[in-house]
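Enquirer: Need the 3D shape of this:
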Amino acid sequence: MVSRGYSPQRSGSQPAPSGAPEHRQEERRMLNNMTDTEEGEGGPNSQGDGNPKESSPFINSSGASDVEKSQQYDGKNMALFEEEMDNSPMVSSILSSLANYSNLPQGSKEHEEAENEEGVAPSKKKPAVKAPSLGTLMGVYLPCIQNIFGVILFLRMTWMVGIGGVLGSFIIVFMCCSTTMLTAISMSAIATNGVVPAGGSYYMISRSLGPEFGGAVGICFYLGTTFAGAMYILGAIELLLIYIVPQAAIFKMEGLEGAEMEAAMLNNMRVYGTLVLSFMATVVFVGVKYVNKLALVFLACVILSILAVYAGVIKTAIEPPVFPVCILGNRTLISKGFDVCAKVIEQDNGTITTKLWRIFCDSEFLNATCDEYFSNNNVSEIQGIPGVTSGILAENLFGYYMEKGDYLEKRGISAVQDPDAPITNANRYVLADITSFFTLLVGIYFPSVTGIMAGSNRSGDLRDAQKSIPIGTIAAITTTSTVYMSAVVLFGACIEGVVLRDKFGEGVNGNLVIGTLAWPSPWVIVIGSFFSTCGAGLQSLTGAPRLLQAISRDGVIPFLKVFGHGKANGEPTWALLLTASICEIGIIIASLDAVAPILSMFFLMCYMFVNLACALQTLLRTPNWRPRFKFYHWALSFLGMSLCLSLMFICSWYYAIVAMVIATCIYKYIEFAGAEKEWGDGIRGISLSAARYALMRLEEGPPHTKNWRPQILVLVSMDAEQNVEQPRLLSLTNQLKAGKGLTIVGTSVVGTFLNNQAEAQKAEQSLRKLMETEKVKGFSQVVISSNLRDGTSHMIQVGGLGGLKHNTVLVSWPRTWKQPEDNLRFRNFIEVVRETTAASLALLVPKNIAAYPSNGERFTEGHIDVWWIVHDGGMLMLLPFLLSQHKVWRKCKMRIFTVAQMDDNSIQMKKDLITFLYHLRIDAEVEVVEMHDSDISAYTYEKTLVMEQRSQILKQMHLTKNEMDREIQSITDSSRGSIRRKNPSNLRSQKSTEDPGVVSVEEKPEEEVQLIHNKNATPTSPISPTTPAGGAATPGQELQMTWTDNIENQAAAAHPEQGGVKDIFNMKPEWESLNQSNVRRMHTALRLNEVIMKKSKEAKLVLLNMPGPPKNRMGEENYMEFLEVLTEGLNRVLLVRGGGREVITIYS
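Expert: Just a heads-up that it's a prediction; the model follows:
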């Protein structure tokens, strides 16, 4: 057995003590109950005392905890994995919790339990989470039915059929039901792709499309649910004031007509709506459990009402109910105010007038003056409910859209009327209260198909959510769609057209029109719809605050955090207050027909994003997308999304735009101010797919010159605490990013990946923090390598991906390169220069980086000076332009200097340069500096001598310390003595302040450094520092010349006046050994520095061509000295090397 070799109880040959059974029993209890092992029974003292623990690479000797651990896994044959048990527990111990995983929301059920448990002792409290027990019928199907059937079915369905016609209404119902069915299919796929906690559509969208979309659509869904509450309350008030107790109206409508009557009606709605809203909010605040207990009662009311309608339809086929409608000419009369639908009646062998006569005439006598339309037309009475067998369906097949104030007219009856006659007694006819059109009907009807999320909202309470949600939701939508479609046909087949178009039943004695069809009594529908509407309003006021609370607790919208708090039991008090306030806005609007399109927008937007989420997940084929519900397809989701978007603009284009603006504002707010969340959303998947596609396209070839922009790799060094040593490098990077493009900030950590991973993570965090502070948008990269040179080389080679690679390297000048302890640093720097040259990368080297401005500074004046010595592809032109786009450098003007030689036409050069800059569209002052050949000064020789002596000192770095000290001392003593002995007094003032004698080398070299004679080095003339050599000297020469004999001879012939120099040369024996190439380079550096200091000493920034490095390993110290001399005395210098390609063009 594996465990016997590593278990301390089994070590040695002694038998197991009698405590072992107790130990195993305790171990079983511990594994089953996940409790800590107690000492005494099965603890460390029960057995194994005094036995030393077996030394094992898998078991740490760290005291009692390890003993407990070894006992815990004793006999489990798992000793091999003991080291990983803390982070990776045994599968056998966690399978139970994995299988029974539940993420119950703080929904109504939990709030009920919390309320019931208040005041109970903690030991007697029930477990916080009860096993979910609801099945498909009770958990999904019936809640969806209750939420879908609602106020629109009872108050507006008949009116919609009358106005839109059976065909038009059927199209509307089919469109809306198809939208919800397609959304339900998408929702089922998302809901069965893993465990879905409560939050319904908000949770699904946010986890599928990310926090920005989730927050935006979650708020839209919340607003839709809140306005739905307002719509249900308005529906309940309409039922109350028009059909149940009209006498309760505070603002009396009798005797009013037109706008006055409408205003009185709306005011009544506002007053009673506010009262009902306050009552409902109080009920929800006091206890959700009362709402939940009444839910089944409300559902029963809905089902009974619908059954009563179907029973009434069957009854009309046998015996149609008597609901006469009085028609004058072809206009429908309001039934209140008269009892007999006739002008006169025969009574006692005489003709007497009726109440209807007295309404339209000035007296009750037959010779009275009457209304012209009344006089010219007859009164007729038609049956309001002719029955399903009457054939009225053909008359109601097509739409009858009306303008506001139009008379409700009966089709097929002619009437005599004078078009020019003034309208009189308008309040006696049934009039259209609003202008109707097809899109209005869509907006008013759509809320009657919402509510499909009720099942997914209860996923935490379901026994098998992944099975119940698809079946229950789709079955509920199928049921409700069937009811709606059949209702459209049956209403058109049973009810007279004028009654259908009579929104408030004024022509049928003020009865609810759908109630006239119901059996056994209209009151069944009136009372049933009233209670179901009140119940739906309560459910909205219960659900909306919890949705807002879920969004608030997610932390994606910072200013909503206050609404995540509530009562001690978690009841969302503040969210309820906000919900009631928003709901009051809908109450103040007061018109059911105006509120319905508002919530249609929000629900449609929500459903649109559910479809989008499913389509994206399907198309992206993310590995985690494995829904149990298989009957979905991305095409169906896109169709559903298109239908939602179309319906939004069909309902109301301006409401659609407002809803989209609200969602967009919330999206942008979350993007900029919200908490960062990583939910594995589909938008990230889109980004990955788009990035992959774009990278593949970039691979097709290098960018055109017009598209070139600096993609910068910033190489920074870290201190011992893993903090960036040159933070201003990132400030400069930010200022250069007017060209946008890629930024990678990289650093190296010395060590191995296994041992130094923590340091690398700390360094990366430091980089990210500094990038955020300096507002540098890009990526950070930390490489762990055995030495800094290799790490830097690796970053230069492999930074970036595919076509999105850096083309420019930004590295700081090694400020302390002359100090012996920084010998390695400057060699690494020169390696970076070499590698960027070999890789055809541009190189930017800011000198005195600490003096560069931060992003918060502003230059109000000054110049950016460009010293254009050699052509490098235009980098020197492009960089000042990019800098000038940033607010730090915006006020600085650009000056370009170029150097003219003896035989150059400086006037023509200036004209050409001005023309070139004009074509480049760059504004800059131009100056051509003439720099003629001159004698090499003694100061130049002295600088070169000191430089080469220092090189000789560094050459000895491979010697032992004692030998090295002796060698350095002998060299410095001899050089000092010769300089003191031979130096004229007039040259002492020009001596370099550097004393080679102070140099001491304390560390061993990284590699052997040979005596530097610039073998195969690239020479530089005073004219061009990068002019290639004509030849190379042999290695055996003591004095190695990199200039050819021809060049030397030409130089000597061209300047015979340099005899004075030879005299000095003869006077200085130590000068004879100097490398003449180094002398000439030093001469160029000194002359250029002199000219630059004269012209650009006050410039805010000087950009300068950076000479190339020596091609071999010799001359590296000399190269650094040349650059130091070249830039001496300048405050801010940016040395620039081009990448070997044109980066700027005159073409558009």
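Enquirer: which residues sit against stretch 414-427?
Expert: 256-258, 261, 329-331, 334, 359-360, 371-374, 376-377, 405, 409 (C-beta atoms under 8 Å, 6 or more residues apart in numbering). For glycine as for every other residue, the C-beta is placed from the backbone atoms N, C-alpha and C.
Enquirer: Mind checking which of those land in strands?
Expert: Members of the contacts of stretch 414-427 lying in strands (criterion: DSSP state E): residue 331.
Enquirer: just the buried members of the contacts of stretch 414-427?
Expert: Buried members of the contacts of stretch 414-427, counted by 16 or more other C-beta atoms under 10 Å: 261, 329-331, 334, 359-360, 371, 373-374, 377, 409.
Enquirer: Could you provide these in TSV, with additional columns for pLDDT and distance to residue 627?
Expert: Below are the buried ones among the contacts of stretch 414-427 laid out as TSV (pLDDT from 0 to 100; distance: C-beta to C-beta, whole Å):
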residue	pLDDT	distance to residue 627
261	79	55
329	86	62
330	86	58
331	88	58
334	87	56
359	85	66
360	85	68
371	84	68
373	85	65
374	86	68
377	87	65
409	87	54
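Enquirer: Now for those residues: which two are most distant?
Expert: 261 and 377 (24.8 Å; C-beta to C-beta).
Enquirer: Could you give the separation of the helix ranked longest in the chain from the chain centroid?
Expert: Longest among the helix segments of the chain by residue count, using DSSP state H, is helix 157-191. Centroid separation for helix 157-191 versus its chain: 33 Å, with C-alpha atoms, centre = their mean, to the nearest Å.
Enquirer: Contacts for stretch 715-725, please.
Expert: So stretch 715-725 is contacted by 726, 729-730, 745-747, 749, 759, 762-763, 766-767, 770, 788, 792, 795, 809-812, 832 (C-beta under 8 Å, 6+ apart).
Enquirer: if we can go back for a sec, the longest helix of the chain - what's its average pLDDT?
Expert: Summarised as a single mean, pLDDT over helix 157-191 is 93.
Enquirer: mind listing what's buried in stretch 357-370?
Expert: Per 16+ other C-beta under 10 Å, stretch 357-370 contains these buried residues: 357, 359-361, 370.
Enquirer: Nearest to residue 252 among those residues?
Expert: For the buried residues of stretch 357-370, the residue nearest residue 252 by C-beta to C-beta is residue 359; the value is 19.3 Å.
Enquirer: so how far is residue 327 from the closest one?
Expert: For residue 359, the distance to residue 327 equals 15 Å [C-beta to C-beta, to the nearest Å].
Enquirer: so residue 744, which of the three states?
Expert: strand (DSSP: H, G, I helix; E, B strand; the rest coil).
Enquirer: which residues touch it?
Expert: Shown in contact with residue 744 (C-beta under 8 Å, 6+ apart): 712-714, 778-781, 795, 799-800, 806.
Enquirer: Which residue is the nearest non-sequential neighbour of residue 546?
Expert: Distance criterion C-beta to C-beta, 6 or more residues apart in numbering; nearest residue to residue 546, sequence neighbours excluded, is residue 572 at 6.0 Å.
Enquirer: how many other residues sit next to that neighbour?
Expert: Neighbourhood size, residue 572 [other C-beta atoms under 10 Å]: 28.
Enquirer: Give me the pLDDT for it.
Expert: 83.
Enquirer: wait, isn't it in contact with residue 562?
Expert: No: counting by C-beta atoms under 8 Å, residue 562 is not a contact partner of residue 572; they are 10.9 Å apart.
Enquirer: of all the buried ones among the contacts of stretch 414-427, which comes closest to residue 456?
Expert: residue 261 (44.0 Å).
Enquirer: ok, the closest one - contacts?
Expert: Per C-beta under 8 Å, 6+ apart, neighbours of residue 261: 253, 427.
Enquirer: Now render the buried residues of stretch 357-370 as a markdown table, adding distance to residue 580.
Expert: Putting these into a markdown table (distance: C-beta to C-beta, whole Å) gives the following:
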| residue | distance to residue 580 |
| --- | --- |
| 357 | 52 |
| 359 | 45 |
| 360 | 48 |
| 361 | 52 |
| 370 | 53 |
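Enquirer: which two in the residues you listed are spaced the farthest apart?
Expert: Using C-beta to C-beta, the pair of the buried residues of stretch 357-370 lying farthest apart is 359 and 370, separated by 9.8 Å.
Enquirer: Residue 1123 and residue 1108: what is the separation?
Expert: Residue 1123 is 11 Å from residue 1108, by C-beta to C-beta.
Enquirer: One more: residue 755?
Expert: 38 Å.
Enquirer: cool, and residue 902?
Expert: 24 Å.
Enquirer: So for these two, which residue has more residues nearby?
Expert: Taking other C-beta under 10 Å, residue 902 and residue 1108 do not tie; residue 1108 has more neighbours (18 against 10).
Enquirer: I'd guessed the more buried one sits against residue 1137; true?
Expert: Yes: contact criterion C-beta under 8 Å: residue 1108 and residue 1137 qualify, at 7.4 Å.
Enquirer: Which neighbours do the two have in common?
Expert: 833, 837.
Enquirer: count of neighbours near the nearest residue to residue 135 once chain neighbours are set aside?
Expert: Nearest residue to residue 135 in three dimensions, chain neighbours excluded: residue 463, at 5.8 Å (C-beta to C-beta, 6+ apart). Residues near residue 463, counting by other C-beta under 10 Å, number 13.
Enquirer: Contacts only, for residue 463.
Expert: 132-135, 139.
Enquirer: Closest one to residue 892 out of the residues you listed, please.
Expert: residue 132 (68.8 Å).
Enquirer: For that closest one, give me the pLDDT.
Expert: pLDDT at residue 132 comes out at 65.
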